[in-house]
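Asker: Structure here, sequence nowhere to be found:
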């Protein structure tokens with residue numbers, strides 16, 4: 001039996017009897033309808049959370065109940081809340097439409113307005129042209145050139161460092177293993193002008 005079917009069975013139990021129960025009583029009655037006793041509490045709490053079953057603590061006991069009319073009242077409350085939200089949004093839409101009409105009426109088409117709009121349009125076009133020109137000269141930007149020079153300097157420093165490390169390692173092999181320098185260079189494909197970095 002699926003969880004939804006179990007919910008329906010427990011809700012039917014309340015609606016058929018139109019009575020209130022404690023958890024133990026609900027577990028016994030639900031098991032007669034085919035709902036596993038261990039799952040009744042979880043399903044009952046989900047029904048309470050959804051507002052389909054009401055609960056209250058009286059003394060040390062928790063009582064649960066649900067009447068068919070209560071479900072209709074819950075649905076009516078949801079419908080009323082949705083209707084109020086709909087009405088509020090409709091009022092906001094009407095308010096915005098009125099504001100648009102008011103603004104359109106206040107912007108009377110005059111010679112001065114047309115002149116201002118044309119000037120605004122020409123300034124926008126000029127701004128776009130200047131931004132395009134600035135992008136074209138971007139390669140000559142002093143800041144951009146300084147960044148490139150810094151990157152070149154760092155690359156050259158790294159090259160010198162690794163060249164020195166390679167020479168130190170090569171010389172170590174030649175000294176400690178009594179090897180010929182030319183043979184080591186040839187074996188590791190080290191060119192003759194390896195150390196000549198300008």
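Answerer: Looks like it arrived, so ask away. Just so you know, these numbers come straight off a predicted model, no measurement behind them. Numbers count the residues shown, from 1 in each chain.
Asker: domain parsing for this structure?
Answerer: Taking the TED database as the reference, the chain has its domains at 3-67, 68-107, 145-188.
Asker: Figure out which of those domains is closest to residue 129.
Answerer: Closest approach to residue 129 among the domains of the chain (Cβ to Cβ): domain 145-188, 24.0 Å. Every C-beta, even on glycine, is put in place using the N, C-alpha and C of the backbone.
Asker: as a whole number, average confidence for the longest helix seen in the chain?
Answerer: What stands out as the longest helix in the chain, according to DSSP state H, is helix 68-106. Per-residue pLDDT over helix 68-106 has a mean of 87.
Asker: go on, stretch 133-147?
Answerer: The model assigns stretch 133-147 a mean pLDDT of 79.
Asker: how about residue 118, what does it touch?
Answerer: Contacts for residue 118 (Cβ atoms under 8 Å, 6 or more residues apart in numbering) come out as none.
Asker: Could you report the separation of it from residue 132?
Answerer: Applying Cβ to Cβ, to the nearest Å, the value for residue 118 to residue 132 is 21 Å.
Asker: same question, residue 53
Answerer: 68 Å.
Asker: When these two are compared, which one has more neighbours?
Answerer: residue 53 (23 against 9; other Cβ atoms under 10 Å).
Asker: and the more buried one, what does it touch?
Answerer: By Cβ under 8 Å, 6+ apart, the contact list for residue 53 reads 10, 11, 14, 44, 47, 64, 65, 66.
Asker: right, and the helix or strand after the longest helix of the chain?
Answerer: helix 111-136 (DSSP states H and E).
Asker: Off-centre distance for that following helix?
Answerer: A distance of 37 Å separates the C-alpha centroid of helix 111-136 from that of its chain, computed with Cα atoms, centre = their mean, to the nearest Å.
Asker: Check the offset of whichever helix or strand comes after that helix from the chain's centre.
Answerer: Following helix 111-136 in sequence order, the next helix or strand is helix 142-176 (DSSP H and E). Relative to its chain's centre, helix 142-176 lies at 44 Å (Cα atoms, centre = their mean).
Asker: same question, stretch 12-30
Answerer: For stretch 12-30, the distance to the chain centre is 44 Å (Cα atoms, centre = their mean).
Asker: tell me how far the ends of it are from each other?
Answerer: For stretch 12-30, the first-to-last residue distance is 10 Å (Cα to Cα, to the nearest Å).
Asker: which residues sit against it?
Answerer: By Cβ under 8 Å, 6+ apart, stretch 12-30 touches 6, 9-10, 33, 37, 40-41, 44, 53, 61-68.
Asker: mind listing which of the residues you listed are in strands?
Answerer: 61, 62, 63, 64, 65 (DSSP state E).
Asker: Narrow those to those that are buried.
Answerer: When the ones in strands among the contacts of stretch 12-30 are checked for burial by 16 or more other Cβ atoms under 10 Å, the buried set is residue 64.
Asker: Could you dump the ones in strands among the contacts of stretch 12-30 into a markdown table with pLDDT added?
Answerer: Below are the ones in strands among the contacts of stretch 12-30 laid out as a markdown table (pLDDT from 0 to 100):
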| residue | pLDDT |
| --- | --- |
| 61 | 84 |
| 62 | 86 |
| 63 | 87 |
| 64 | 86 |
| 65 | 84 |
